[in-house]
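Visitor: Need the 3D shape of this:
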Amino acid sequence: MDYTALYNQYRKLIEDDFIPFWSAYADDEYGGILNCLTNDGSKMLSDQKFTWSQGRWLWVVSVASRLCRDGLLPGLDGKMLDKWMESTYSFIREHAFMDDWKCCYLLSRKGEQLIDPVSGLYDASIYADCFVLIGISEYIRTTGKKDECHIADKLAESIISRIESGNYHTEPYPVPEGYRVHGVPMILINTIDEYAVMKGEMGESAERAVSYGMKCLDSILDDLYDSDRNLIREHASTDERRGKYLLDRHINPGHTIEDVWFWIEFLSHFGALGGRLERIEKIAKSVFRLGWDDEHGGLLRFVDMDGKRPVGEVTGSRYESLILDTWDMKLWWPHSEVLYTYPLLYSLTGDKEFEEIYRKGAEYAFSVFPDKEHGEWIQIRMRDGKPEEKVVALPVKDPFHILRDFLKVLELSYQMKEAGNA
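Guide: Numbers count the residues shown, from 1 in each chain. Sure, this is the predicted structure:
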């Protein structure tokens, strides 16, 4: 794998396309990002702010600032990145938190806390809390502001305590009754990793959080692991329904591919990758093969555990409607996750199949998603690759997945290049 070429490619994308695109939506007046946009970014639909997106944006600009400072992104304006970072952190710190260190799901542009119209709740999603913690952790890591650690500590404890007690919500993906889901332990692995790495760099311990992260990882790689197919199930019931119902049978390829690098980074940081890597490699290969659309190319959003269209009896849950309505769509985020996960696996193993998967995924992604008129990517596509103006999670255009993966590929390729693997 040519890491010099990768570094140059992703540096150019970040400096010349993605950061300039999102600079138009950074809210210089109140802080944070304005991203309730149409899929192509040509029209703003609302000036409301989902806390989920504000935490994600804080992570993006904090990492970009750090890499700019370290010389990996010399074409960016470091002072502007720092301005966005500080104003986004201030917006979150002043407006996102409720009592008991819960995060409000939806805010006005100025920061007033709003009720989510779908769920009727202020604290509609633990995912929002996790993305805020991810953003704050990277902010502290980048700025070195150890005095802000108490904010991250309070939020981390609140998140873990609520998950342990079962007292939380998961909009826009409510958990169907009687099921455990992949998404909750998955997001906790990445959230705890970001938090614990930051704590270590600040000279502080995060032992309880790391232990809980290991428990979450075990629950996925053991309890949700289908050893016959080398796949991770998105939903798992505890009774005889397994294999009969749509929820038990469907696979989310993008989720698993994203989680692969969560597992690798968490286990690498906390000294336990060796014993798990073989299983992770098998899963990464199996899920790509299963999810790839041989007819049109790209990854399908949902597939049956035996391939193609999801099948099985339905119980009437909202999540089942999402599966059936959007299973064959081509979404931006699974394809951006391919761009980081497989170079990372190749860097660890030298397995040529991972390089081939990367090239296959990259060829599709860069031929289908880029928006040549407005910049960035048209993030939602139909199965045949045509643009689709449709809400698939939050009613936003998301600044996170693509830029996160581009930044991570940039950092990985730079490290490999510097180590003599160019």
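
Visitor: Might you list the low-confidence residue ranges for the stretch 301-422 of the chain?
Guide: Low-confidence segments of the stretch 301-422 of the chain (pLDDT under 70): 393, 422.

Visitor: residue ranges of the helices in it, please?
Guide: 318-326, 332-349, 352-368, 401-418 (DSSP state H, counting those that start in this stretch).

Visitor: how about CSV for those, with distance to Ser158 and mean neighbour count added?
Guide: C-beta: built from backbone N, CA, C; applies to glycine. Shown next, in CSV, are those (distance: least, C-beta to C-beta, whole Å; neighbours: other C-beta atoms under 10 Å):
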stretch, distance to Ser158, mean neighbour count
helix 318-326, 25, 16
helix 332-349, 26, 23
helix 352-368, 36, 17
helix 401-418, 24, 21
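
Visitor: so which of these gets nearest Ile192?
Guide: Between Ile192 and the helices of the stretch 301-422 of the chain, the tightest spacing by C-beta to C-beta is seen for helix 401-418, at 16.9 Å.

Visitor: could you check the angle helix 332-349 makes with the closest one?
Guide: 20 degrees (axes from the mean of the first three to the mean of the last three C-alpha atoms, to 10 degrees).

Visitor: So which residues make contact with helix 401-418?
Guide: With contacts defined as C-beta atoms under 8 Å, 6 or more residues apart in numbering, helix 401-418 is touched by 1, 3-4, 6-7, 10-11, 13-14, 18-19, 22, 56, 59-60, 63-64, 67, 72-73, 261, 332-333, 336-337, 339-340, 343-344, 347, 376-377, 379, 422.

Visitor: Please check those and keep the buried ones.
Guide: With burial judged by 16 or more other C-beta atoms under 10 Å, the buried subset of these is 1, 3, 6-7, 10-11, 13-14, 18-19, 22, 56, 59-60, 63-64, 67, 72-73, 261, 332-333, 336-337, 339-340, 343-344, 347, 376-377, 379.

Visitor: for the lowest-mean-pLDDT helix or strand in the chain, the distance to its chain's centre please.
Guide: When the helices and strands of the chain are scored by mean pLDDT, DSSP states H and E, strand 235-237 comes last with a mean of 88. Centroid separation for strand 235-237 versus its chain: 22 Å, with C-alpha atoms, centre = their mean, to the nearest Å.

Visitor: Packing partners of that strand?
Guide: Applying 3 or more C-beta pairs under 8 Å, 6 or more residues apart in numbering; DSSP states H and E, one finds that strand 235-237 makes contact with strand 179-181, helix 246-249.

Visitor: Check which strands are paired with that strand and give the direction for each one.
Guide: Here strand 235-237 is paired, per DSSP bridges, with strand 179-181 (antiparallel).
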